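> The following comprises the amino acid sequence and a computationally predicted model.
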Amino acid sequence: MNLITRGSASALIAAAVIAGAGTAQANAATPADGPPSLAIPGVHQVDSPAKQAALEKMLNALNMGWANGGAAGTAIGAVVGLGIGCVSMFPGSLAGCMIGSPTGAVIGGLIGMGNGNPQVQQSIQDYLNTP
């Protein structure tokens, strides 16, 4: 026994959507609402000078690692991952290529940055462990 037809159910849903959108309102956010705004737009501020120094050291180490071997490692890793992914999943080789290439690029980039600047890993650990 059908109590409601498809057409009347669609009409009820459409009316509910229109009524809900018509009654909704948004008030302007007051300064007390929401997260605090940045003192300098586009600049990440941290709470302590030690944390800021650790952040800057980590970013400099990552930048040097990328310049000294990260880009090459990413390219090599992407090619190796593409080859291994395409060969290892031969019947569904397109899926293997799509999975292998980004995976190889990430792993190659990490290895390349680590080899390009040996202080990368320690600087990341220092940043994470700085209160």
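Cool, got the structure.
> going forward, measure contacts between C-alpha atoms and count neighbours the same way
Fine.
> who's in contact with the residue most central in space within the chain?
Against the mean C-alpha coordinate of the chain, by CA atoms, centre = their mean, the closest residue is Val106 at 12.8 Å. Residues in contact with Val106, defined by CA atoms under 8 Å, 6 or more residues apart in numbering, are 74, 77-78.
> For Leu110, list the residues it contacts.
By CA under 8 Å, 6+ apart, the residues touching Leu110 are 70, 73-74.
> how much space is there between it and Gly104?
Note on Leu110: its distance to Gly104, by CA to CA, to the nearest Å, is 10 Å.
> For Pro118, grab phi and psi.
The phi/psi pair for Pro118 (degrees, to the nearest 10) reads phi -60, psi -20.
> Can you mark which positions in the lengthiest helix in the chain are buried?
Counting by DSSP state H, the longest helix found in the chain is helix 93-116. Residues of helix 93-116 classed as buried by neighbour count (16 or more other CA atoms under 10 Å): 93, 96-97, 99-116.
> With only the CA atoms kept, save that helix in CSV.
C-alpha atoms of helix 93-116 as CSV (Å, rounded to 0.1, in the frame of the first residue of the first chain):
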residue,chain,number,x,y,z
SER,A,93,48.4,-2.0,-15.3
LEU,A,94,46.8,1.4,-15.5
ALA,A,95,45.8,1.2,-11.8
GLY,A,96,49.3,0.1,-10.9
CYS,A,97,50.8,3.0,-12.8
MET,A,98,48.5,5.5,-11.1
ILE,A,99,49.4,4.1,-7.7
GLY,A,100,53.1,3.5,-8.3
SER,A,101,54.1,6.8,-9.7
PRO,A,102,52.9,9.1,-6.8
THR,A,103,54.1,6.6,-4.2
GLY,A,104,57.5,6.4,-5.8
ALA,A,105,57.6,10.2,-6.1
VAL,A,106,56.9,10.7,-2.4
ILE,A,107,59.4,8.1,-1.3
GLY,A,108,62.0,9.4,-3.7
GLY,A,109,61.5,12.9,-2.6
LEU,A,110,61.9,12.0,1.0
ILE,A,111,65.1,10.0,0.4
GLY,A,112,66.5,12.7,-1.9
MET,A,113,65.9,15.4,0.7
GLY,A,114,67.4,13.2,3.4
ASN,A,115,70.5,12.5,1.3
GLY,A,116,70.8,16.1,0.1
